[in-house]
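Novice: quick one, structure for this:
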Amino acid sequence: MSKIIAITNHKGGVGKTTTTLNLASGCQQIGKKVLCLDLDPQANLSQSVKIHHPRNIYTALKSGEPLLPFTILQGWDIVPSTLDLSGAEIELSGEAGREYLLKELLQPIKDTYDLIFIDCPPALGLLTLNALTASDYLIIPVQCEYLALQGLAKLLEVIEKIKKRLNPSLTIIGILLTQYDGRKILNRQVEETLVESFGDKVFKTKIRDNIALAEAPVQGLDIFRYDSKSRGSEDYFLLCNELLNRLV
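Specialist: Okay, the predicted model is just below:
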């Protein structure tokens, strides 16, 4: 049975797109059939794999036409995004059942895949609401800084409301520390605070600071194809295995 996983945090720059891209790639290499859904109007995920097409998530949400995934590699597909999606919050606000639009679009194709990863926008608007309503699980990337902890509290409030009103089965499968540098006292303090507060909800795997993770999308590649010997490749491979173990 397919698992739908939203990668979300309303704070920008925490590694949502990087995590979506490299989790999908790593899981595909392990043998899973994977779909990525770019729900961010900035379309960074689509740009990272160099796929642009007039049939995208915006046209599907707007028209109700079926989702049309495009193949990145065998076993790994994507539904791309577009800047036009930035108008969706207003354009779809009058739709009946607007929180369920994405869930309905995924219904006909979801069992084609083992895993579906949704790259959410850095906001708590209608698009993110659709992602959380459609998803089984959440991964929350958190940058290792003090203000990120404050933002996490707000996000958790929103998640609890969605569980009560729209999606009772929604589960946080893991909180992921990103841009981690164990030499920095603040990074270690943020990690300790999260573990004290959330226990084993915090992934044991941490994504360390690694320039290769920023360079790979420029070439239209994931970290495994760009630099298989980098720390980023090592960290995301460990994260893939930890995630799959949690999903069992």
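
Novice: which residue sits closest to P122, ignoring its sequence neighbours?
Specialist: G12 (3.8 Å; Cβ to Cβ, 6 or more residues apart in numbering). Heads up, the C-betas are built off the backbone N, CA and C, glycines and all.

Novice: gap between the strand or helix carrying I90 and the chain center?
Specialist: Per DSSP states H and E, I90 falls inside helix 88-91. Chain-centre distance of helix 88-91: 21 Å, with Cα atoms, centre = their mean, to the nearest Å.

Novice: which parts of the helix or strand just after it are buried?
Specialist: Sequence-wise, the next helix or strand downstream of helix 88-91 (DSSP H and E) is helix 101-106. Using 16 or more other Cβ atoms under 10 Å as the test for burial, helix 101-106 gives 101-103, 105-106.

Novice: run through who's touching the helix or strand following helix 101-106.
Specialist: Counting by DSSP H and E, the next helix or strand C-terminal to helix 101-106 is strand 115-119. For strand 115-119, the surrounding residues in contact (Cβ atoms under 8 Å, 6 or more residues apart in numbering) are 2-8, 16-17, 20, 23-24, 27, 32-40, 44-45, 102, 106, 110, 131, 134-135.

Novice: let's see it at 7 Å
Specialist: For strand 115-119, the surrounding residues in contact (Cβ atoms under 7 Å, 6 or more residues apart in numbering) are 2-7, 16-17, 20, 23-24, 27, 32, 34-40, 45, 106, 110, 131, 135.

Novice: tell me what the helix or strand that that strand is followed by is packed against?
Specialist: Once the chain leaves strand 115-119, the next helix or strand it forms, by DSSP H and E, is helix 126-134. Secondary-structure packing of helix 126-134 (3 or more Cβ pairs under 7 Å, 6 or more residues apart in numbering; DSSP states H and E): strand 3-7, helix 88-91, helix 101-106, helix 146-165.

Novice: would you turn the ones you listed into JSON lines with mean pLDDT?
Specialist: Formatted as JSON lines, the helices and strands packed on helix 126-134 follow (pLDDT from 0 to 100):
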{"stretch": "strand 3-7", "mean pLDDT": "98"}
{"stretch": "helix 88-91", "mean pLDDT": "87"}
{"stretch": "helix 101-106", "mean pLDDT": "97"}
{"stretch": "helix 146-165", "mean pLDDT": "87"}
